[in-house]
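In: Have a look at this prediction, sequence included:
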Amino acid sequence: MPFKEQTAEVIDALDDLPPILKKDLDRNLCTCNEVLRRDIIHAIANGATTVEEVKIETYATMGIGCCTQDVERLIESLCPPENKMPD
């Protein structure tokens, strides 16, 4: 997918987030694997609806797991309940 389309998807996804979750998009959400918050949002916007799918796409949560709750919050904010797959 071209970069311009990827950027548009992330921007659309950001519109659905509460302001608190839009902060620090260019900072690491996953510090163990240095995964940016923006990259996790991009993975969710591209169809990752579980922590496991985000992990496969970005390597987030693969360290000590301290970012798992933040990844879950992003999934809950961006994915309508009917689109979520059970963990």
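Out: Looks like it came in fine. Residues are numbered from 1 along each chain as shown.
In: Please enumerate the strands of this structure.
Out: Ranges of strands in the chain, per DSSP state E, are 28-30, 35-36.
In: Let's have the ones you listed in a markdown table, adding mean pLDDT and mean neighbour count.
Out: Yep, even glycine has a C-beta here, placed from its N, CA and C like the rest. Output for the strands of the chain, formatted as a markdown table (pLDDT from 0 to 100; neighbours: other CB atoms under 10 Å):
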| stretch | mean pLDDT | mean neighbour count |
| --- | --- | --- |
| strand 28-30 | 92 | 21 |
| strand 35-36 | 95 | 20 |
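In: what number of residues lie near the residue nearest to Leu78 when sequence neighbours are not counted?
Out: Nearest residue to Leu78, sequence neighbours excluded (CB to CB, 6 or more residues apart in numbering): Ile44, at 4.8 Å. Look at Ile44: counted by other CB atoms under 10 Å, it has 25 neighbours.
In: Return the distance of Ile44 relative to Arg38.
Out: When distance is defined by CB to CB, to the nearest Å, Ile44 is 11 Å away from Arg38.
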